[in-house]
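Peer 1: I would like to see how this sequence folds:
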Amino acid sequence: MDQIVARDLHKSYYNGGKRLHVIRGIDFAVKKGAAVFIVGPSGAGKSTLLHLLAGLDRPDSGGVDFDGTDIYKLSDRKRSELRNRKIGFVFQFYHLLQEFSALENVMLPGLIRRDRDVAGLKKRARDTLGRVGLSSKCDNRPSELSGGEQQRVAIARALINSPEVLFCDEPTGNLDSENGRMIYELIFDLVKKNGITVIVVTHHEGFADRHAQILGIKDGILTKIMV
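Peer 2: This next block holds a predicted model:
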């Protein structure tokens, strides 16, 4: 069953009056529970495509279906609710709130969802931090954590609302190769145990899970598909 379907996606940006056509008519589908890597050089359109698929940016034309619903026909509020409830996102730069502890950062998506059971949310956040190996770091602030630990907090935050799809935008871009491989192993171990669909954009094709579908992208066009 196709969970996400991209239909003739186009996206342009303008710089000093010059049009930059970043995504050029992309079509593809992702099945529920699949692992997909989108690889390509800087500037190829990887992150832009990921943001369009996740509802973080709006295409100039084309559509994205999530479980049969075109997310860009939803209101901004409904699309935000869909992201909060069904989508987790892991960024390259972590985007943790520095004044909050690791536990509080992980709780945030549940608080945004207005989860009234705060005690239950706190327990779930502790359990999720335990799943990423950070049980002892719940009270630490981001400045007290290593880069790899901060990314694990970000992964826990992305998983706290039990998403159906996990999007990862260069999740190891700020980490050395050893920590990078550990993060990918963690991501795929978690998603396999929970049946989550995962879509990753990266420069590092070598980190691809052996069961992943690999899509190449260049100049905004899908150039190869390997299984």
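
Peer 1: ok, now which ones touch the spatially closest residue to residue 98 that is not a sequence neighbour?
Peer 2: Nearest non-adjacent residue to residue 98, counting by Cβ to Cβ, 6 or more residues apart in numbering: residue 142, 5.4 Å away. Heads up, the C-betas are built off the backbone N, CA and C, glycines and all. By Cβ atoms under 8 Å, 6 or more residues apart in numbering, residue 142 lies in contact with 94, 96-98, 102, 105, 150, 153.

Peer 1: Pull out the buried members of these.
Peer 2: By neighbour count, with 16 or more other Cβ atoms under 10 Å, these hold 94, 96, 102, 105, 150, 153 as buried.

Peer 1: what's the closest of those to residue 82?
Peer 2: For those, the residue nearest residue 82 by Cβ to Cβ is residue 105; the value is 21.9 Å.

Peer 1: who touches that closest one in this structure?
Peer 2: Counting by Cβ under 8 Å, 6+ apart, residue 105 makes contact with 96-97, 142, 153-154, 157.

Peer 1: how about 10 Å then?
Peer 2: The neighbourhood of residue 105, defined by Cβ atoms under 10 Å, 6 or more residues apart in numbering, consists of 94-99, 125, 129, 141-142, 150, 153-154, 156-157, 160.

Peer 1: lowest-confidence helix or strand of this structure?
Peer 2: None of the helices or strands of the chain scores lower by mean pLDDT, DSSP states H and E than strand 221-226, at a mean of 73.

Peer 1: Next up, phi/psi of the one residue sitting closest to the centre of the chain, please.
Peer 2: With distances taken as Cα atoms, centre = their mean, residue 167 lies nearest the centre of the chain, 2.0 Å away. When read as degrees, to the nearest 10, the backbone of residue 167 gives phi -100, psi 130.

Peer 1: Residue 70 versus that one, what's the distance?
Peer 2: Residue 167 sits at a distance of 18 Å from residue 70 (criterion: Cβ to Cβ, to the nearest Å).

Peer 1: again, but for residue 111
Peer 2: Using Cβ to Cβ, we find residue 111 at a distance of 29 Å from residue 70.

Peer 1: Also residue 5?
Peer 2: 9 Å.

Peer 1: got any residues that touch both of these two?
Peer 2: Counting by Cβ under 10 Å, 6+ apart, the shared contacts of residue 5 and residue 70 are 63-64.
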